[in-house]
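*Asks:* Build me a structure from this.
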Amino acid sequence: MDMMLVLGILAAVFFVSLTLICLYRDKINVKAFNAVFIICDLIFYFVWNLGMYEHGWLEGGFQTLGNISPFIFTLIPLTCFMNDKVKQYAHCAIAFLWVGMFLALFISPEYAYIFDYHREASVVYTGEALCHMLASLFGIYLILTKQVKLDFQSWIRSIVCMYSVIFFGVFLNYFFHKSHFGMNPYGNYAIYFLDIFGTFEATFIAYLLGVLTVLTLGWQFGCLFERLVSPKKDRMHLLDLEDKERDIEKLEIKSVYKTPNQK
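*Replies:* As a prediction, this is how the structure comes out:
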């Protein structure tokens, strides 16, 4: 099967699922649906890693800290074991990366599906695309179900979560000569396989700014999307409040002009 056909099918699944979440988000059982997302993530991530193992791409170790995407795919099931405070930081990071994950579904930095229209689908390509679709859908789902608030504090939590893990990965790189997040300070550094800036320091700063930009876009697009899917409900709520205020005003006016015989 052609990879572009697979991406078309996954895009259709994404938008149909998103539409259903928007329509029924007030009736969603959050715990049950969180479990469904986690189970699907485990299955899709296993498929992707199986494909990489068959190609010999896991010889350097597991891909959890290889880059942002595999970290998020690993983080989603780990939220089951986190306390509420830590989970809040993880959910904020997952939620505000939803735009980046959606774009990565079509423009994978490693495989660049959209620039190769005749690439055949394989276990590796399909598994990665499935993971990106799920991560993007899970992120916007967390926003729509109010598990992540669209405020400044949530944005800060997402930055703290991502930067903490990235700095930890780079710290390990110094001592073990690894290349977690593509940031090996001993010469093997790159942003998604591209060495643009020529020095580790400049590349690392650009990487951090890129992560910040993606998180900010996810936050802002989340705010925009929330306004698009819930204006009618908000207007109805405001109309109900106005009607109640009018009723209260009428009662107050009647009580003021009552005659002694009416008391």
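*Asks:* Can you give me the pLDDT of residue 223?
*Replies:* You'll see residue 223 listed with a pLDDT of 91.
*Asks:* Oops, could you answer that again for residue 164 instead?
*Replies:* At residue 164, the predicted lDDT confidence score is 96.
*Asks:* again, but for residue 2
*Replies:* At residue 2, pLDDT is 78.
*Asks:* Who is it paired with across the strands?
*Replies:* For residue 2, the beta-bridge partners are residue 120 (DSSP bridges).
*Asks:* Compute the number of surrounding residues for it.
*Replies:* Using other C-beta atoms under 10 Å, residue 2 has 13 other residues around it. Backbone N, C-alpha and C define where each C-beta goes, glycine included.
*Asks:* Would you confirm that it contacts residue 120?
*Replies:* Yes. Between residue 2 and residue 120 there is a contact under C-beta atoms under 8 Å: 6.7 Å.
*Asks:* what residues do these two have in common as contacts?
*Replies:* Residues touching both residue 2 and residue 120 (C-beta atoms under 8 Å, 6 or more residues apart in numbering): none.
*Asks:* So for residue 185, what's the nearest residue that isn't a sequence neighbour?
*Replies:* Leaving aside its sequence neighbours, residue 185 sits nearest to residue 200 (C-beta to C-beta, 6 or more residues apart in numbering; 4.8 Å).
*Asks:* The one you found against residue 182, yeah?
*Replies:* No. Residue 200 lies out of contact with residue 182 (C-beta under 8 Å); the separation is 10.8 Å.
*Asks:* Looking at those two, which is more packed in?
*Replies:* Set residue 200 next to residue 182 and count neighbours by other C-beta under 10 Å: residue 182 wins out with 23 against 18.
*Asks:* Look up how far residue 67 lies from the residue nearest to residue 185.
*Replies:* Going from residue 200 to residue 67 by C-beta to C-beta, to the nearest Å gives 17 Å.
*Asks:* And the helices in the stretch 51-200 of the chain, which stretches?
*Replies:* For the stretch 51-200 of the chain, the helices defined by DSSP state H, counting those that start in this stretch occupy 68-78, 84-96, 98-106, 123-144, 152-176, 200-229.
*Asks:* Could you provide those helices in JSON lines, with additional columns for distance to residue 31?
*Replies:* Putting the helices of the stretch 51-200 of the chain into JSON lines (distance: least, C-beta to C-beta, whole Å) gives the following:
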{"stretch": "helix 68-78", "distance to residue 31": "15"}
{"stretch": "helix 84-96", "distance to residue 31": "13"}
{"stretch": "helix 98-106", "distance to residue 31": "20"}
{"stretch": "helix 123-144", "distance to residue 31": "13"}
{"stretch": "helix 152-176", "distance to residue 31": "20"}
{"stretch": "helix 200-229", "distance to residue 31": "22"}
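*Asks:* Many thanks, I have nothing further to ask.
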